[in-house]
Every structure is written in structure tokens, then in C-alpha cells.
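**Student:** Got a sequence here, can you build the structure:
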Amino acid sequence: EMIHQIFEESNIPLEFSYLAFVESQYQPKAKNYSSGAKGMWQLMTATARHYGLKVNRKIDERIDPVLSTRAAAAYLKDLVAIFGINNLTLAMAAYNAGDSAIVYSLKKIENPQADRNFWYLYQHNLIPDETKEYVLKVIAVLILNEYLNLPAKQNFD
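**Tutor:** Prediction:
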């Protein structure tokens, strides 16, 4: 409920709320020991700081559900601005791999007018396997929730 409220206030598609489920199963204290990502949204330290969270030896606001959701919403809003509302799967891929990695992959496309989408990157192995699986997991959760009649408003490319 809190995530949906923040996303609605931020004009973020509600489908992005399922990223936190795929990232951490909505666990605020989740930690990825290999990457250093932390919190329900699995934010990296630099990303968290960029979006206004305090991360130091004494305080780590990535584990605060409300503050980290606001930071994630701001990050997702930026990703939608970069990749467009019609390419939400690219925004999801960028959330996982980093926006610069997806931009780099997009630059390898011969015909960006026709092929600028997640599925092209997927089929041509232009993104990491982890990112491919990540986006597919989010889509699977969306489909399951649609089947269970939970809220979903936006179609994906």
C-alpha cells in the first residue's frame, strides 16, 4: 500500500512496485553481500546517495522502507525519462544492470528506430543473462498478479 501511494504521487507505473519483490521479497533489511546492494529495493550505495539517502558507517537509510521507496521512485522516474514510457522493460533492465550498461547496449543496435527494445537486446545477447532473467521474473510476477486479480495498469512492450 505504501509503495503504491508513493508511486502514484511520483507518477510511476505501479508495475514497478514488483521490482522490490523480485529484488528482496519486500524485505527492508535484505543485503546482497557480493554487490553491496541493500534494502527492499537493493540500492547500491552510490545510487542511494544520489537519490538523497544517507549511507555511512552509522546510518543506512536504504533499510528504511519509506525513504528507500521514495529514492527508488525517483530513480525509476529518471529511468522512464531516459528509456520512455513505451519501453518499461528497458527501464527495468536498467534498474538491474545500470542505465549506462543499457545505453551502451542500445548503441550497438544497427537500426534503433526499429529495434530499440528489451526483446532485441535479449535476443541478440546484448545484455547480461542476470538482467534477462531479472526482467522475465518481474514479468512473471506481473502475470501471476494479473491472474490473481491484483492491481496492474500499464502494458509492457
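**Student:** Could I get the full set of helices for the chain?
**Tutor:** For the chain, the helices defined by DSSP state H cover 2-9, 18-24, 45-50, 65-83, 88-97, 99-106, 112-115, 118-123, 129-147.
**Student:** Dump the C-alpha coordinates for the least confident helix or strand in the chain by mean pLDDT into PDB.
**Tutor:** Ranked by mean pLDDT, DSSP states H and E, the weakest helix or strand in the chain is helix 112-115, scoring a mean of 91. Below are the C-alpha coordinates for helix 112-115, written out as PDB (Å, rounded to 0.1, in the frame of the first residue of the first chain):
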ATOM      1  CA  PRO A 112      17.500   1.900 -33.400                       C
ATOM      2  CA  GLN A 113      14.200   3.100 -34.900                       C
ATOM      3  CA  ALA A 114      13.000  -0.500 -35.400                       C
ATOM      4  CA  ASP A 115      14.900  -2.400 -32.700                       C
END
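**Student:** Kindly provide the distance from the residue nearest the centre of the chain to residue 148.
**Tutor:** Nearest residue to the geometric centre of the chain (Cα atoms, centre = their mean): residue 95, 3.7 Å. According to Cβ to Cβ, to the nearest Å, residue 95 and residue 148 sit 24 Å apart. All C-beta spots, glycine's among them, are computed from the backbone N, C-alpha and C.
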